[in-house]
Every structure is written in structure tokens, then in C-alpha cells.
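J.: okay, here's the prediction I keep looking at, along with the sequence it came from:
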Amino acid sequence: MREMRIKLQKDKPDRPGFFTPARVLAGGFIAAILAGALLLAMPYSSAEGNGLPYIDALFTATSAVCVTGLVVVDTGTHFSVFGQVIILLLIEIGGLGFMTFATMFAILLGKRITLKERILLQEAFNQNSLAGIVRLAKQVVEIALVIQTAGALALSLRWWGELGPGRAVYYGAFHAVSAFNNAGFDLFGDFRSLEAYGGDPVVNLVVAALIVSGGLGFVVLAELLHASGNGRRLSLHTRVVLAAYAVLIAVGTPTILLLEHNNPETLAPMNAGSQVLASFFQAVTARTAGFSTLPVGALRDTTLLLLIVYMFVGAAPGSTGGGIKVTTLVTLAAYVAAGFKGKTEAVLGERELPPAIVQKAAVVMLTAMALVLTVTGLLTLTEKAGFLPLLFETVSAFGTVGLSTGLTPQLTAAGKAAIMFTMYAGRIGPMTLAFALAQKRRISPAHIKYPEEKILIG
């Protein structure tokens, strides 16, 4: 009898600890959001000193930490400098990741990075290996500081004569951080984003360069810097990300130009060069950034539909952006292409993708679609708006983009809660959220194989 009890105990599956990497990361973002909301609700965070309703402060903090840019109050006019700086810090924490900051503080204090902390970093950067993970965290901070400083300097010089030295430097730094982290927060007031600079080449190109830099992913940026010094061949991941970005921008720019060139509320009043520049900027910003040089609410429905697709796809893995990620789209496209050829293996760049990668891409795609459709359905019950603006708002939240047709300030309390959850899920990723919520059990060592049976498809 005693031997039987021992055997049953051995066969019983072990349970992992409650604080799994996914739960720690999910909880860390929640902690940053709650702390930020408390600070933003304080009277000294608002320009008039009258504070902000907590749900609006919570919405703003969620949007900042999740680097989205959807706002219920205007950032430039409602918040004091203190409130704006809090938003900027939340953007930086959300974009680079709180684990990155924790690691840097530990290194500065001379503390050793433990295995548990390395595993958390691995989860945060979406890496397959622990090798070089601390070095990557250091590179993330270095790359972010260099690019943001360069962007801030360029924007400050552009606005120097227009805004004055002090304001130009402040605006340059704020918008450089917001752009690199793909956050979309701006200080120009009246919810107009960068519409006043629709034909300005410096603002458009600098902000677009910051957006692309943050959206490529830190792994890609680090590899590009490393490869440029030793002439090594780029990895498949980096080549796929760069190619996908180039194709999406190359397709989006002329399409937006074609759809909007005669729209009197968007491109029609501009000259030909400014039209091309504004179309290019929208093709870039729609991926995950949220800045806009055109009034989004005035865009044609077909253009909005294109932007919805772009927002849903999003940026690259391990970046400051959201969405299902360009690599997910490319992986599924490769698998579909293989199916058309009667093959079962997805191939990219003369490399066969492992079935587990294709399966993960399918799970991410289907989970994201389910989330977007569910939240959009809920909003149709709580908000007084058309289906397309509601779908646009939901996808913008999921892709952590921040573009809006003007619906965000009009959301009900229930609508704000739904969009906050969508921004949060989009930032940490639907799979990480699912792992955080799931009560996982370790798989039994016994390998179970079920018999095959076919079903009809198509």
C-alpha cells in the first residue's frame, strides 16, 4: 500500500510556482499603470490644478505604458509639465520594458543578474535563448539613448525659431521619445497631432525614422550595428523584418496617395510633393505609432480599412510596437504559399520554418482576431458610433497605435475599460496574457500519441 502511494505521488504532475515569467511581466505592466494613474490623477499633474477623474487618469496611464497614444484628454493642454514628464517616463518604461530598467539599475548598483531575472528578460525580449540576454538589455538602452538623442536634437533645431529655445528642446525631447517608442503622444494641442506639419520634410522624415527605428525591434537594430562592423550575413529574422517593412511602406504610400489625392479634407489642398510625403508618413505611422499629419476622421473608408490592416499587422517582435507582428504575417503567408504548391513546409529565404513557429503564428493570428472582434462587438453595445470607427478604435488599441477617428474622448466608462484591456493585451501580447491567466501544469513525462483521423477542409 505504501509503495502504491509513493507511485501515485510520483505520477502526479508538478505545478510551477505562481510567479511565472509571463505573470511577472503582466503584473509589472499593471503595477506601472496603477502607479502612473495615481500620479496623473493628482491636482499638480493638470495645468489648471483641478486633477483628473481616476478612470481618465487610468486610461492615460494605460495608453502611455502600453505606448499606444489614444487619449481622452488632450496631452498638450490638459496636463502640466509635471504630468507630461510622468507620461514621458511611463512611455519610456513601457517601450523599453520595466525589466530592462530593473536590469540596468542592478548593473549600476553592482548586483549580479540572477537566472530568474535572465529568464524574465528572455520573456520580455521574446528570445529563444538565454545566451547574451544581459548584453542585449545593455544594447537596448544604449541604442534607445543614441537614437532618441539624435531625434530630439534634429526636432529641437527644426522648432528652435518657431517655439523658442527652451520650448523647442522640450518639445524635441518629448516627441523623439514618443516617436521612438511608437507611442504617438504629442503636445501640440486640440487632438491634432502633427497635422500642422503635413508638408514639413524635416518633421515628417525625422519622426518617421524614429518610428521605424523603434518598430524594427532591438534584436534587429543590434544585429544591424554588429553586422555593419564585421560584414557578417544578416539572420533570417532580420532579413524578413527589413523586407516586410520595405514592402508594406512601398505598397501603403502609393495606395494612400491614390485614395486620398482628391479628398478636399486631406491631401487635395497640398502640392504634389507634400501629398507624397503625407502618404508616406501615414503608411509608416499606421503600423504602431499614432502620430498623424492628416485628419484621420476625414479619411475615406477604404483608406481607413487599409490602415486597419496595417495597424493589425503592427511592428516587429521585441520592438516598442504592437500588433500581431510582421513576422507572423510573413510566416503565415509562406505557409499558405506552400499549401498552394501542395507542400506542407513553409520556406523563407531558402530556410524551412519549424512547424512550432508556424503553429505559434497561427495561434497569435487567431487569438488576435478573436480579441478584436469580441471587443468591437462589445463597443457596438456601449458606444453610439458606426461599426468602422469602432473597429478602427479597437484595432488601434490592440496594435498600440493610437490613431483615432475622434471617438476616444467620447467613450463611455464601459468603452474606456474595453479599450484599456485591449491596449494592455496588445502591448504584452495575447499569448503572454493567456499564459499569465492560465493555471498551467507541467506535462506528464509520458508521451501520449492519439490516433489520426481526417476531417474535411475548405
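T.: Great, that's in hand.

J.: what helices or strands is the longest helix anywhere in the chain leaning on?
T.: Longest among the helix segments of the chain by residue count, using DSSP state H, is helix 133-163. On a contact count with 3 or more C-beta pairs under 8 Å, 6 or more residues apart in numbering; DSSP states H and E, helix 133-163 meets helix 81-96, helix 98-108, helix 115-124, helix 165-180, helix 201-216, helix 218-230. For every residue, glycine as well, the C-beta is placed using N, CA and C.

J.: residue 239: which of the ones you listed is closest?
T.: Minimum separation from residue 239 across these (C-beta to C-beta) falls at helix 218-230, 9.6 Å.

J.: need the residues that contact the closest one.
T.: Helix 218-230 is contacted by residues 125, 127, 136, 139-140, 143, 213, 232-235, 237-238, 241-242, 316-319 when judged by C-beta atoms under 8 Å, 6 or more residues apart in numbering.

J.: what is the mean pLDDT for whatever helix or strand comes next after it?
T.: Next helix or strand after helix 218-230 toward the C-terminus (DSSP states H and E): helix 236-260. Per-residue pLDDT over helix 236-260 has a mean of 95.

J.: so how far is helix 236-260 off the chain centroid?
T.: Computed by C-alpha atoms, centre = their mean, to the nearest Å, the chain-centroid distance of helix 236-260 equals 17 Å.

J.: stretch 328-344 too?
T.: Relative to the centre of its chain, stretch 328-344 is centred 25 Å away, using C-alpha atoms, centre = their mean.

J.: go through it and flag the buried ones.
T.: Neighbour-count burial for stretch 328-344, counted by 16 or more other C-beta atoms under 10 Å, picks out 328, 329, 330, 331, 332, 334, 335, 338.

J.: could you do stretch 268-283 as well?
T.: Neighbour-count burial for stretch 268-283, counted by 16+ other C-beta under 10 Å, picks out 270, 274, 275, 276, 277, 278, 279, 280, 281, 282, 283.

J.: isn't the fifth one up against residue 204?
T.: Yes: counting by C-beta atoms under 8 Å, residue 204 is a contact partner of residue 277 at 5.2 Å.

J.: name the residues contacting each of these two.
T.: residue 198.

J.: so how far is residue 186 from the closest residue to residue 191 other than its chain neighbours?
T.: Of all residues not flanking residue 191 in the chain, residue 74 sits nearest, at 5.6 Å (C-beta to C-beta, 6 or more residues apart in numbering). Residue 74 is 9 Å from residue 186, where distance means C-beta to C-beta, to the nearest Å.

J.: comparing these two, which shows the higher neighbour count?
T.: Per other C-beta atoms under 10 Å, whichever of residue 74 and residue 186 has more neighbours is residue 186, with 26 against 16.

J.: which residue, neighbours along the chain excluded, lies closest to the more buried one?
T.: Spatial nearest neighbour of residue 186, chain neighbours left out: residue 193 (5.2 Å); criterion: C-beta to C-beta, 6+ apart.

J.: C-terminal to the helix or strand of the chain with the lowest mean pLDDT, what's the next element?
T.: The least trusted helix or strand in the chain, going by mean pLDDT, DSSP states H and E, turns out to be helix 2-11, with a mean of 43. Sequence-wise, the next helix or strand downstream of helix 2-11 (DSSP H and E) is helix 21-40.
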